[in-house]
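Just to be clear, the model below is a prediction. Sequence and coordinates:
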Amino acid sequence: MKLINGKAWPVATAVILAMTACTAGDDDDAGGVEVLDPEGDHQPVTVSLWVPFTGREFDGLQPVFDGFEAQYPWITLDVTEGVEDDDQVVAAIRAGNPPDAVMSFSLDSVGQFCDSAAWQNLEPYIEASDMDTSVFPEAVTRYTTFGGSTCAFPFLTDAMGLYYNIDMLDAAGISEAPTTLDDLRAAAESLTVRAPDGSIEVAGFVPWFGYSQFTPMEMSVIWDADWYDEDGKSAVASDPDWAEMFEWQRDFVDFYGADNLNRFVAGQSDEFSAANDFQTGRVAMNLDGEWRTSFIADEAPDLPYDTAPFPVPADNDDRYGIGRVGGTIIGLPRGSAHPAEAFALLQYLATDTDAVVTASNSIGNVPSTHEALESPDLDQPPQFQTFLDIFANPDSHYKDTSVVGASDQELLAAFAERWQAGEIDDLQAGLEDVARQIDDEVAQAG
Amino acid sequence: MTPKQRARRRAARRYRTALLFMSPWLIGFAVFILYPMLASLYYSFTNYDLLSTPRFVGLENYRFMFTKDPRYWQAMRNTLWIIAVGVPLQALVALGTAVLLTRPRRGSPVYRTILFLPKMAPAVAAALAFVFVFNPVTGPVNQLLDTAGVDKPPLWFFSPVWSKWGLVFLGLWGMGQTMIIYLAGLLDVPRHLYEAADVEGAGPWQKFRFITLPMISPALFFSVVTGVIYGFQYFTEAYVASFAIAGQPTGSAAAEVGSPQGSLLFYSLYLYVKGFTDFRMGYASAMAWVLFLITMACTLLLIRTSRRWVHYAAGGFR
Amino acid sequence: MTVLAPKVDRALPAARAGIRRRPEPAGVRRRRILMEAGNHALLVAVSAIFLLPFVFIVLTSLMSDQQALTPALWPRPFHFSNYAEVFRQSPLLRYTWNTFVIASLSTLGVVVSCVPVAYALSLLRWRGRQAMFLVVLSTIMLPIQVTVVPLYIIFTRLHWIGTMKPLIVPLFFGDAFSIFLLRQFFLTIPQELVDAARVDGASEARVMTSVVVPLAKPAIAAIALFQFLYAWNDFFSPLLYLGENKDLWTLSLGLADFRGQFHTQWNLTMAASVLFMLPVILLFFAAQRVFVEGVTLTGVKG
């Protein structure tokens, strides 16, 4: 049965050719960039910005935007809230009508944005405006650059640390927070309470991948496990830290029993509700981000807790004080109509101390510059200090940016899920499998 | 004019009328469908990150898909499973309830509305409600199983073995649309046929098998074909349920799509992740065209076998 | 076994109206009541199960922000104010109007364009009909995630992004799902009726509007309802085409208004969802009369 008669093929070919013509020629022009001249005459101009925040958080950012307009009175900001999916931004860039500046939660996409120049390389702008990027802690560079190009600035950031319930630890005779993983394990064992039927009532610590912020990504920072070696190949099988980490984790899980732990995790309330496990005392210690301090202050102000950097492996205890960092990013989309003004906006959002501190106070994330970290105007609970220190620590990091976005994390996470459920016998073989898959993906994206 | 010429002229006129009637669809097809279809076919032979110009790579995407991507096969298996289990089950339940509703009785409109209600709920609300109802510890389903004496009730969405069944139940809950289609078909069956069968002494099962089923077979055929086609594209429910389980609002990057253990990784879901989240639009397009071919093959198979069991209008098979 | 199809079945109701039924014997009556009761019980049970998740949705909509995230079943206390609060936090009325406009216009488009196409694919005889049907069917076999990118580019060139046009205009050019459904139903219409009208000298258009459409009212009502519902609940397309223009947002996008970076106000989202569903529930209630009771009223089916 013929579906398309003979005459249709030339038409189809013509369409494809026309379309190829349409997609070519979209590269941005190289060459010099313009930056704003603070003096001199300026025509009024409107700069558009898309942000993922919405509702109350968005309202809390108004003073920040007003501050920018006050500094640059001829610029009017047109901010669109609630753009949380990258689909819209990518579509707009593709179609040639992107916003002038954009903010995104998609930290993992930096590699892709840089590589495809969808977010413009900011280096020329940095040079032309004599911007001093040492105001950012070291960690920032690692997650905002790829292949020699810096295509993003941080907008505040996140940091992960250990939360622990002081009363529970006291009751178990533990006087200070564990600093090594062995201490953590010992503490967790003595803090765990079981119900008569063997199920877990209170967990000392939950080492289950997928629970709260406990993921292979987080653990890679703690164990200093590299995602890629110098040749750009996946290091999950070649770097022994990974295997050690997985062994440690499974051993920890076996203390609880995989099925028990799974049920315990399944029975939790929403992580971001007032019935959060840590806030209700269902777990004694937890790995969580700095935003948790705001939640606790709002929802469980009487909770006797404190924070500390997450414990590290005993044979590496001089690294204590580090943590996983990385958060919201801002950038200059390709095709931005007002790049000079937009860059000024990015600079302001990332480095202007007042702006950064105001934003941090309102949203509850960690400020992104040294100066802001030390500002007396920061209005956060005392337990927040831990996260400021973690971010300032030069060894804190995220992971190497990569062109495959979050694919490598997804592949490893899928492996980790099966690993902790006890479905994989040969760890090394399994890791080699994952490494090969990651390499295949990178090669394909190349 | 000879009879042959007359016949040919009539055929030409019929052809013109047909084309006229088809014109809205033909125009829309050329503009809104053909170009995107061909474009996506082209993309499938490229490396396309949506942001730069597509780069031609020949059959590389297809080769990777079939030889180097274990997640692809997992997605395929999951999708085939949900079609093989979900489509027949939904047809059965929908038919059963439709039959119950054919008799006019008090309260019928209310029953019908209640049974169709799930289709009217926004996907996010529905998936969330289901994840809650099936929560292994706090949800009513397991609490019921507990009181019924079941020792270790399934972990539903938290277990790789049971998670798809949770989605099957979600699908059954939304069978209202299929039910309405069957209902319309059932009501279309002329009553006198049943009366004639009564006169001949036929029992209820015989009436069902030899009158009802053939008369609604066009509707059955429709629901099976569309069930298979849309089953291959199963996306929204799995997407929303995945994120609901992870406890994150939709769109958060931290949630692993398809968990637990990839048991909820369906073909279209994987395709979306690869295309939009991983910026591999060329690969996603290749996946889409393989899906297209498979769906086409299944549909042709169904159409071919339909000649034997689908009966159109009193007057034979078509 | 062949199915009987006497030509005069459609004339029977008139004749039967004058017949009085014989009273039922007691035994038969008892059995009938038992069966009815059994049917009822089954329907009640199934309905109860079907309503369970809705109970959850409604109860959650009446909880406080915090309680909504816990496994607790019963709101303590009841926050009826949530239903007022959603309007304060989000321009729901405007979203409702937008959604109504898009849904109604696209439904109109579908009905107007799909009937002729389905007619051509079922009741007209022409070469290539079967192949064309397959082409129509094939258009729904390609996942939307993949055609959306080139489609987006087309709409950009037409300057339709940020307007409602991408969500309405294409529906005036047919929709494969609706065409398929209508075709199936058109094929159940006895050929004799159609031929009779043709023999009487009616043009195809006339046959379509005066013979086929009235007989296929249930099916047409069905596709109208389905299209309206689909447009009402659609999230992905409005997100892509209207995302940047908040004035034109639909209700499904509006549900996202209650989302924060970490924290979704599920109680308000559920309250908004309930409000979201009310119009279509009313629509369905009204519409079902068309294809259920409308059928028996016209006396077409015995």
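Noted; the coordinates are in hand. Numbers count the residues shown, from 1 in each chain, chains lettered A, B, ... in the order given.

where does the residue of the stretch 101-250 of chain B found nearest chain A land in three-state SS?
Each residue of the stretch 101-250 of chain B has a distance to chain A, by C-beta to the nearest C-beta, and the smallest belongs to B:Val137, at 3.3 Å. Placement of C-beta: from N, CA and C, glycine included. Three-state secondary structure (criterion: DSSP: H, G, I helix; E, B strand; the rest coil) places B:Val137 in coil.

ditto for A:Thr46
At A:Thr46 the chain is in strand, as set by three-state DSSP.

Apart from its chain neighbours, what residue comes closest to it?
A:Thr76 (4.6 Å; C-beta to C-beta, 6 or more residues apart in numbering or on different chains).

By proximity to chain B, which residue of chain C wins?
Residue nearest to chain B within chain C (C-beta to the nearest C-beta): C:Phe173, separated by 2.3 Å.

Look at the residue nearest to that residue when sequence neighbours are not counted and say how many residues are nearby.
Distances taken as C-beta to C-beta, 6+ apart place B:Gly28 nearest to C:Phe173, at 2.3 Å, with adjacent residues excluded. A count of neighbours around B:Gly28, defined by other C-beta atoms under 10 Å in any protein chain shown, yields 22.

Can you tell me the element B:Gly28 falls in?
Following DSSP states H and E, the helix or strand that holds B:Gly28 is helix B:3-28.

Summarise which helices and strands that helix is packed against.
Contact here means 3 or more C-beta pairs under 8 Å, 6 or more residues apart in numbering or on different chains; DSSP states H and E; on that basis helix B:3-28 packs against helix C:92-122, helix C:129-138.

Any part of the longest one near chain A?
It stands for helix C:92-122. No. If you take C-beta under 8 Å from any C-beta of the partner chain as the test, helix C:92-122 misses chain A, and the best it gets is 13.0 Å.

is it true that A:Val221 touches A:Asn316?
No. The pair A:Val221 / A:Asn316 is not scored as a contact, 12.0 Å apart, by C-beta atoms under 8 Å.

Please parse the chain into its domains.
Chain wasn't specified; assuming chain A. Split into domains by automatic domain parsing, chain A comes to A:39-158+A:326-392, A:160-323+A:404-445.

my bad, the chain I had in mind was chain C
Taking automatic domain parsing as the domain assignment, the record places the domains of chain C at C:32-78, C:92-297.

Return the helix or strand B:Ala127 falls within as PDB; C-alpha atoms alone will do.
Mapping B:Ala127 onto the secondary structure by DSSP H and E places it in helix B:123-133. Taking only C-alpha atoms (Å, rounded to 0.1, in the frame of the first residue of the first chain), the coordinates of helix B:123-133 have been written out as PDB:
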ATOM      1  CA  ALA B 123      -2.900  15.700  36.100                       C
ATOM      2  CA  VAL B 124      -0.900  17.100  39.000                       C
ATOM      3  CA  ALA B 125      -3.700  16.900  41.400                       C
ATOM      4  CA  ALA B 126      -4.700  13.400  40.300                       C
ATOM      5  CA  ALA B 127      -1.200  11.900  40.400                       C
ATOM      6  CA  LEU B 128      -0.600  13.500  43.800                       C
ATOM      7  CA  ALA B 129      -3.800  12.100  45.200                       C
ATOM      8  CA  PHE B 130      -2.900   8.700  44.000                       C
ATOM      9  CA  VAL B 131       0.600   8.700  45.400                       C
ATOM     10  CA  PHE B 132      -1.000   9.700  48.700                       C
ATOM     11  CA  VAL B 133      -3.700   7.000  48.500                       C
END
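
So the helix or strand just after that helix, near chain C or not?
Secondary structure here is assigned by DSSP H and E; on that basis, the next helix or strand after helix B:123-133 toward the C-terminus is helix B:140-147. Yes. Part of helix B:140-147 sits near chain C under the criterion C-beta under 8 Å from any C-beta, namely B:Pro140.

show me the contacts for residue 300.
You didn't say which chain, so I picked chain A. Under the criterion of C-beta atoms under 8 Å, 6 or more residues apart in numbering or on different chains, the neighbours of A:Ala300 are A:Ala274, A:Gln279, A:Thr280.

Sorry, I should have been clearer: chain B.
Listed by C-beta under 8 Å, 6+ apart, the contact set of B:Leu300 reads C:Leu134.
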